[in-house]
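Chemist: What follows is a predicted protein model with its sequence.
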Amino acid sequence: MTSECPTAQEAVLPWFTSQVKLGIRYGLYFLAVGFGMGAIYGIFGGLFLQPALFATSLIGIFCLMNFPASVVAILVNLLLALFKKSSRPVYRYFGLSLGFALVYLLFFYVLHVSHVSVF
């Protein structure tokens, strides 16, 4: 997957889709690392699951707080596109942020459905 910006002749949708897939991959990495760090902390304290889920949830909250900022950025960028002054890195930022949001929304949904208490 390339992080290069497409030229005017190339289609933008496949490039944006690759950015979302990259965001999902990075989100899964963050999910695994957060769970691992919380689990290591929990092993020393005698608990395993609660600290791991708490660490993952905390990272997820911050990732989900970033998503509205990327929505505002993409809306401003689309407004600037009307005047031919848009910036392609904003599209990449939105794609990566969307991937992270999808991963962590799914994580929180699984927590909700499984009735696991983190606190």
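Modeler: The structure has been received and is ready for your questions. Every value quoted in this text rests on a predicted model; they were computed, and no experiment measured them.
Chemist: Every contact and neighbour count from this point should use C-alpha atoms.
Modeler: OK.
Chemist: what sits against the most centrally placed residue in the chain?
Modeler: When the chain is reduced to its mean C-alpha position, the closest residue under C-alpha atoms, centre = their mean turns out to be F100, at 1.2 Å. Counting by C-alpha atoms under 8 Å, 6 or more residues apart in numbering, F100 makes contact with G23, I24, Y26, G27, L28, C63, L64.
Chemist: try 10 Å
Modeler: Remark: with contacts taken as C-alpha atoms under 10 Å, 6 or more residues apart in numbering, F100 is in contact with 20-28, 30-31, 60, 63-64, 66-67, 94, 106.
Chemist: got it, and Y26?
Modeler: Contacts were defined as C-alpha under 10 Å, 6+ apart; by that measure Y26 touches V20, A32, L96, S97, G99, F100, V103.
Chemist: Restrict the residues you listed to the buried ones and give me that as a PyMOL selection.
Modeler: PyMOL command restricting those to the buried ones, with burial defined by 16 or more other C-alpha atoms under 10 Å:
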select buried, resi 20+96+97+99+100+103
